[in-house]
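> here you go, sequence then predicted model.
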Amino acid sequence: MGAALVTFPDPVTSPFDAAEASAARLAEATGVERHDVAVVLGSGWKPAADRMGEVTAELPMTELGGFPEASVQGHGTTVRSIRNGDRHILAFMGRVHLYEGHHPNVVAHGVRTAVRAGAKAVVLTNAAGGLRPGMWAGQPVLISDHVNLTGHTPLLGVNDERFGPRFPDMSHAYAPRLRELARSVDPELEEAVYLGLLGPTYETPAEVRMVGALGGELVGMSTVLETIAAAHAGAEVLAVSLVTNLAAGLTDEVLDHDDVLAVAATSAERMGTLIADIVGRI
Ligand code: HPA
């Protein structure tokens, strides 16, 4: 008996213990005791990981425990340990989404693992629809703030003070210091408010008008829960959207995930350099 009974903590009911356990496995598998910065690469952002430094280890996320198999096309399932100068970067080559049917704590497990592994800064990337006039497909935009309309939060239930407070402040969830640093790397970077929806449908034109009325300038299906979890756990967050399309109803185009990925692929090199430069200076 004995060893077979050792079970991995459930990220849904024991998110802190699960994050600790995954961080321990990460250190063991990579030989890196602490990672300084985590990067989550969303749809089409994966090529950016090739530009961040020397990949010293790559393993399936599932090996860390607490992660489900990723399912959506364009999302990988590995995590890389990358050395950039004296920094160790943890790059998630894809993410878990709510619309795949996962609990918010599972969506947040990667970010929480990164924080328990030492990351003081978390860089989140995604693909998004753009609403603001003048936005164009292929444009990277810094997220300045968000509206969480997913109807979910990774802070539901008894608060674990080992992560952070019951009622975390969100006034500076997207760290002004990191946004400034990003703009010093690329002065043309604009900022916008990201509105997070559950998905997986793209929005109806009426929903896009609602998003605009609520102050959203970017719309997408990820990021907000990870930001909440990271901010709760005390990490600085930087988030960058790649505008892959104008939001539904703003053009005559039909939205298609393949087109989203194609735009992302065209911009991959530029995005990779941007993120690598920013991460190198965090
Ligand atoms: N809406 C929601 N998510 C998205 C979009 C969009 O228009 N484009 C890329 N991800």
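Nice, I can see it.
> Val185 and Arg281 touch, don't they?
Yes. Between Val185 and Arg281 there is a contact at 6.9 Å, judged by CB atoms under 8 Å. Bear in mind the C-beta positions are built from the backbone N, C-alpha and C, glycine included.
> and those two? Which one has more around it.
Val185 (16 against 12; other CB atoms under 10 Å).
> show me what contacts the more buried one?
For Val185, the contacting residues are 274, 277-278, 281, by CB atoms under 8 Å, 6 or more residues apart in numbering.
> give me that answer again for 10 Å
273-281 (CB atoms under 10 Å, 6 or more residues apart in numbering).
> again, but for Phe92
Each residue near Phe92 by CB under 10 Å, 6+ apart is listed here: 38-42, 46, 49, 61, 67, 70, 75-80, 110-111, 113-114, 122, 124-125, 226.
> returning to that earlier point: dump the contacts of Val185 to TSV, plus secondary structure.
Formatted as TSV, the contacts of Val185 follow (DSSP: H, G, I helix; E, B strand; the rest coil):
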residue	secondary structure
Thr273	helix
Leu274	helix
Ile275	helix
Ala276	helix
Asp277	helix
Ile278	helix
Val279	helix
Gly280	helix
Arg281	helix
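> PyMOL command for the buried members of those residues?
The command below creates a PyMOL selection of those among these that count as buried (16 or more other CB atoms under 10 Å):
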select buried, resi 274+275+276+277+278+279
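> before we move on, back to that, which ones among the contacts of Phe92 also lie next to the ligand?
Contacts with the ligand are made by none of the contacts of Phe92, judged by CB under 6 Å from any ligand atom.
> filter those residues down to the ones in helices?
110-111, 113-114, 226 (DSSP state H).
> just the residues you listed now: which is nearest the ligand?
Nearest to the ligand out of the ones in helices among the contacts of Phe92 is Glu226 (CB to the nearest ligand atom; 15.2 Å).
> what pLDDT does the nearest residue to that closest one once chain neighbours are set aside get?
Once flanking residues are discounted, Glu226 sits nearest to Val111: 4.7 Å by CB to CB, 6 or more residues apart in numbering. Predicted confidence (pLDDT) at Val111: the value is 98.
> same check, this time on Glu20
Taking Glu20 on its own, its pLDDT is 97.
> just the buried positions in the helix or strand encompassing it, please.
Here Glu20 sits within helix 15-30, counting by DSSP states H and E. Within helix 15-30, the residues that count as buried by 16+ other CB under 10 Å are 15-23, 25-27, 30.
> distance to the ligand added to the residues you listed, as a markdown table?
Converted to a markdown table, these look like this (distance: CB to the nearest ligand atom, whole Å):
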| residue | distance to the ligand |
| --- | --- |
| Pro15 | 26 |
| Phe16 | 30 |
| Asp17 | 33 |
| Ala18 | 28 |
| Ala19 | 27 |
| Glu20 | 32 |
| Ala21 | 32 |
| Ser22 | 27 |
| Ala23 | 30 |
| Arg25 | 31 |
| Leu26 | 29 |
| Ala27 | 34 |
| Thr30 | 31 |
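> could you dump those into a markdown table with distance to Glu180 added?
A markdown table is the format used below for the buried residues of helix 15-30 (distance: CB to CB, whole Å):
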| residue | distance to Glu180 |
| --- | --- |
| Pro15 | 31 |
| Phe16 | 31 |
| Asp17 | 36 |
| Ala18 | 34 |
| Ala19 | 29 |
| Glu20 | 32 |
| Ala21 | 35 |
| Ser22 | 31 |
| Ala23 | 29 |
| Arg25 | 35 |
| Leu26 | 30 |
| Ala27 | 32 |
| Thr30 | 31 |
